[in-house]
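Asker: turn this into a model:
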Amino acid sequence: MTLIGSHGVFAAALVLFMPGTHGPASSSNLPGTAESASEVTQPVDHRNGERRHLRLIRSEPASDTTIAQSPEEIRLYFSEAPQISGSTVRLTAGADRLVETTETAGDKDHPSQLFIRPISSLPTGLYTVHWRVMARDGHALRGTFEFGIEE
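Answerer: Numbers count the residues shown, from 1 in each chain. Down below sits the predicted model:
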């Protein structure tokens, strides 16, 4: 293997030990060559070379918005279907007070969507959605977003 660039040895170590990379390092997937470091860390479907990466596309309510009334559900839209087992969506209010909701569920008609429903109507305030999903290839992804209710 020929290393290219002044950081070649260091880059090779990153490729060999960085979580999320697939397969052995080669000169074609080192930073500074054919692909950038961010591209190397994305999961690859080796059957056709397609780059795949589970990510949150949008949500309802949308991140960083204020809505006029309590939502009937909080729905998350992902780029691909996550595994239901191992996926969680939680809702907190104020200083991380857990809000009672239904269990995290998948939408049987839209497998790339997960949702929860508050057990009771949510009062005015700021809410944080905490989510953790597992991709079909076993990679975990987590995040948070906020929305507010102002009547």
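Asker: burial of Y77, as a residue count?
Answerer: 15 (other CB atoms under 10 Å). No exception for glycine: its C-beta is placed from N, CA and C like everyone else's.
Asker: ugh, wrong one, P61
Answerer: P61 - counted by other CB under 10 Å - has 19 other residues nearby.
Asker: quick check: the gap between it and T102.
Answerer: 16 Å (CB to CB, to the nearest Å).
Asker: what's the span of stretch 59-76, first residue to last?
Answerer: 4 Å (CA to CA, to the nearest Å).
Asker: for I119, phi and psi?
Answerer: phi -70, psi -40 (degrees, to the nearest 10).
Asker: for it, give me its contacts.
Answerer: Taking CB atoms under 8 Å, 6 or more residues apart in numbering, we find I119 in contact with E100, T101, T102.
Asker: run the last query once more with 10 Å
Answerer: Residues near I119 by CB atoms under 10 Å, 6 or more residues apart in numbering: V99, E100, T101, T102.
Asker: in JSON lines, list these along with pLDDT and neighbour count.
Answerer: Listed next are the contacts of I119 as JSON lines, based on pLDDT from 0 to 100; neighbours: other CB atoms under 10 Å:
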{"residue": "V99", "pLDDT": "98", "neighbour count": "19"}
{"residue": "E100", "pLDDT": "98", "neighbour count": "8"}
{"residue": "T101", "pLDDT": "98", "neighbour count": "18"}
{"residue": "T102", "pLDDT": "98", "neighbour count": "12"}
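Asker: strands along the protein, start to end?
Answerer: 44-45, 50-51, 56-60, 65-67, 74-78, 83-93, 97-98, 105-107, 110-116, 125-134, 140-149 (DSSP state E).
Asker: just the C-alpha atoms of the longest one, please, in PDB.
Answerer: Listed in PDB are the C-alpha atoms of strand 83-93, where the atom choice follows Å, rounded to 0.1, in the frame of the first residue of the first chain:
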ATOM      1  CA  GLN A  83     -34.800  -2.000  13.600                       C
ATOM      2  CA  ILE A  84     -37.800  -1.600  16.000                       C
ATOM      3  CA  SER A  85     -36.100  -3.600  18.700                       C
ATOM      4  CA  GLY A  86     -33.400  -1.400  20.200                       C
ATOM      5  CA  SER A  87     -35.100   1.800  19.000                       C
ATOM      6  CA  THR A  88     -36.500   4.200  21.500                       C
ATOM      7  CA  VAL A  89     -38.100   7.600  21.400                       C
ATOM      8  CA  ARG A  90     -38.600   9.500  24.800                       C
ATOM      9  CA  LEU A  91     -40.100  12.800  25.500                       C
ATOM     10  CA  THR A  92     -39.000  15.100  28.300                       C
ATOM     11  CA  ALA A  93     -40.300  18.500  29.600                       C
END
